[in-house]
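Asker: A predicted structure for the sequence below; I have some questions about it.
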Amino acid sequence: MATQCLGYLGKNGILTDWHGTPIGTYRIVATWRTPRSYVSNTMSQVEARINGVLYTGRSAGVGMAYTGTPKRG
């Protein structure tokens, strides 16, 4: 099992690689405001499933990078 994953949040809950190829699915668990960020005014906690493995991590939103680690428990 990978210790980390990297992808991009696509439309309709599809996680993609750099080239736009689907690699898994995701769902946004929580979102909060980041008023001093120059990238986005919100940050989201995201759960992604790739090859049957559930990852948890953060992203600034659709079209932005997502990094995650395997979810414990």
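Answerer: Nice, I can see it. The structure presented is a predicted model; accordingly, all values stated were derived computationally and were not measured.
Asker: So which residues of this structure form strands?
Answerer: Secondary structure of the chain (DSSP state E): strands at 5-9, 14-16, 22-33, 42-50, 53-59, 65-70.
Asker: Tell me which residues of the longest one come out buried.
Answerer: Going back to what we said before, that points to strand 22-33. Residues 23-24, 26 are the ones in strand 22-33 that count as buried (16 or more other CB atoms under 10 Å). All C-beta atoms are positioned from the backbone trio N, CA, C, and that covers glycine.
Asker: Grab the nearest non-local neighbour of the residue minimising distance to the centre of the chain.
Answerer: Compute the mean C-alpha point of the chain, and by CA atoms, centre = their mean the closest residue is Tyr66, 3.8 Å away. Across the structure, with CB to CB, 6 or more residues apart in numbering as the measure, the residue nearest Tyr66 apart from its sequence neighbours is Ser59 (4.0 Å).
Asker: The one you found and Leu6, how far apart?
Answerer: Distance of Ser59 to Leu6, computed by CB to CB, to the nearest Å: 11 Å.
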